[in-house]
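Visitor: Structure for the following, please:
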Amino acid sequence: MTPATTYDAVSTRRAWLLAQGRFAQARRAEGEYGAQLKKVARAVGGIVRGFAPSGSLEDFFNLREALGRYAELLRPWARSVAARMLADISRRDAFAWFEHGKEMGRALKKEIESAPTGEILRKSLEEQVGLITSLPREAAERVHKLALTSITQGERPDALAQEIMRTGEVTKSRAELIARTEVSRAAGELTAARAKWVGATHYEWLTAGDIEVRPLHRKLNGKVFAFDDPPIIGEKGERGLPGSTYNCRCVLLPIIPDQI
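Guide: A predicted model of the protein is given here:
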């Protein structure tokens with residue numbers, strides 16, 4: 001890449017802070033994605049109720065088969081829904097870069113337009129399809145475990161029935177978690193890909209700045225990390241970018257080199 005214009009560190013950071021709010025807007029896609037995934041949860045709940053109208057499940061194998069068939073039927077729909085979510089995030093992220101480009105000059109915009117994000121989007125699409133179609137399968141597994149627990153531990157029939165009828169609600173919670181986590185993760189990966197394409201090697205970690213921020217992530221706020229050496233972000237020692245773990249609303253602020 002041929003150096004185009006030199007920017008001092010202060011103006012670079014100021015421009016990124018102005019653009020950071022635009023990067024955070026990618027999370028707005030979470031609402032639409034979550035609404036679509038909750039449709040799956042409602043359908044799963046309906047299937048379970050159909051096989052256990054009073055909570056008494058007598059035909060688990062047919063229920064599991066029905067949920068498995070539903071998971072396969074979901075694939076084309078899941079691909080369409082996931083593709084729309086990723087396109088929305090990519091569009092918002094690109095817009096944030098282009099707005100930032102107004103501050104940094106035409107060179108940055110030209111480079112961002114050629115950033116190789118296609119592979120990331122293709123990989124993420126397949127992951128999303130897998131997650132969406134896992135919802136009915138996980139529901140079947142849950143009901144199976146409930147039935148086994150009832151047999152081995154002598155659980156009361158009314159308690160088992162109550163838990164079986166909660167399957168749709170549990171699936172809805174899982175759908176919401178997927179939407180919240182995957183939108184943030186995809187947004188972070190796209191921003192990182194474009195940042196590295198223009199020569200950035202490091203980023204600043206920024207939290208949402210409220211009481212819901214994890215204590216571990218609160219300690220990361222404002223600190224600078226290398227893209228190739230992300231910090232520990234989970235209790236089990238997992239490492240990753242902002243937004244890449246469940247329920248994380250943190251964002252990364254790329255540190256653009258002085259010359260681009």
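
Visitor: switch to C-alpha atoms for all contacts and neighbour counts from now on
Guide: Fine.

Visitor: the helices in the protein, which residues?
Guide: 9-24, 29-51, 60-104, 106-113, 118-153, 157-165, 167-197, 215-220 (DSSP state H).

Visitor: With respect to burial, which of these scores highest?
Guide: Highest mean neighbour count of those: helix 167-197, a mean of 22 (counted as mean count of other CA atoms under 10 Å).

Visitor: Give the rounded mean pLDDT of that one.
Guide: In this model, helix 167-197 has a mean pLDDT of 91.

Visitor: how far does that helix sit from the chain's center?
Guide: Centroid separation between helix 167-197 and its chain, computed with CA atoms, centre = their mean, to the nearest Å, is 1 Å.

Visitor: And stretch 249-260, by the same measure?
Guide: The gap between where stretch 249-260 is centred and where its chain is centred comes out at 20 Å by CA atoms, centre = their mean.

Visitor: before we move on, what about stretch 224-233?
Guide: From the chain centre to the centre of stretch 224-233 is a distance of 19 Å (CA atoms, centre = their mean).

Visitor: Return the set of buried residues in that stretch.
Guide: Neighbour-count burial for stretch 224-233 flags V224, F225, F227, P230, P231, I233 (criterion: 16 or more other CA atoms under 10 Å).

Visitor: who are the neighbours in contact with the fourth one?
Guide: P230 makes contact with R239, G240, L241, according to CA atoms under 8 Å, 6 or more residues apart in numbering.

Visitor: Dump those to a markdown table, plus neighbour count.
Guide: Formatted as a markdown table, those follow (neighbours: other CA atoms under 10 Å):
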| residue | neighbour count |
| --- | --- |
| R239 | 15 |
| G240 | 17 |
| L241 | 24 |
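
Visitor: Kindly indicate which of these lies nearest G199.
Guide: L241 (17.4 Å; CA to CA).

Visitor: Can you check the pLDDT for the nearest residue to that closest one once chain neighbours are set aside?
Guide: Leaving aside its sequence neighbours, L241 sits nearest to P230 (CA to CA, 6 or more residues apart in numbering; 6.2 Å). At P230, the model reports a pLDDT of 92.

Visitor: I'd like the distance between P230 and R218.
Guide: 15 Å (CA to CA, to the nearest Å).

Visitor: Equivalent analysis for L67, please.
Guide: Applying CA to CA to L67 and R218 gives a distance of 41 Å.

Visitor: contacting residues around A140?
Guide: Counting by CA under 8 Å, 6+ apart, A140 makes contact with L63, R64, L67.

Visitor: May I see those arranged in JSON lines, with distance to T201 and pLDDT as well?
Guide: Below are the contacts of A140 laid out as JSON lines (distance: CA to CA, whole Å; pLDDT from 0 to 100):
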{"residue": "L63", "distance to T201": "51", "pLDDT": "88"}
{"residue": "R64", "distance to T201": "48", "pLDDT": "88"}
{"residue": "L67", "distance to T201": "45", "pLDDT": "94"}
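
Visitor: Output those in a markdown table; the columns should cover distance to E189.
Guide: Below are the contacts of A140 laid out as a markdown table (distance: CA to CA, whole Å):
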| residue | distance to E189 |
| --- | --- |
| L63 | 38 |
| R64 | 35 |
| L67 | 32 |
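
Visitor: List the contacts of the closest residue in space to E126 that isn't next to it in sequence.
Guide: Distances taken as CA to CA, 6+ apart put R79 closest to E126, at 7.8 Å, once the chain neighbours are dropped. By CA under 8 Å, 6+ apart, the residues touching R79 are L125, E126, Q128, V129.

Visitor: separation between R79 and T171?
Guide: Taking CA to CA as the measure, R79 falls 19 Å from T171.

Visitor: got any ranges where this protein has weak pLDDT?
Guide: Counting by pLDDT under 70, the chain shows low-confidence ranges at 1-27, 55, 98-114, 150-151, 153-157, 258-260.
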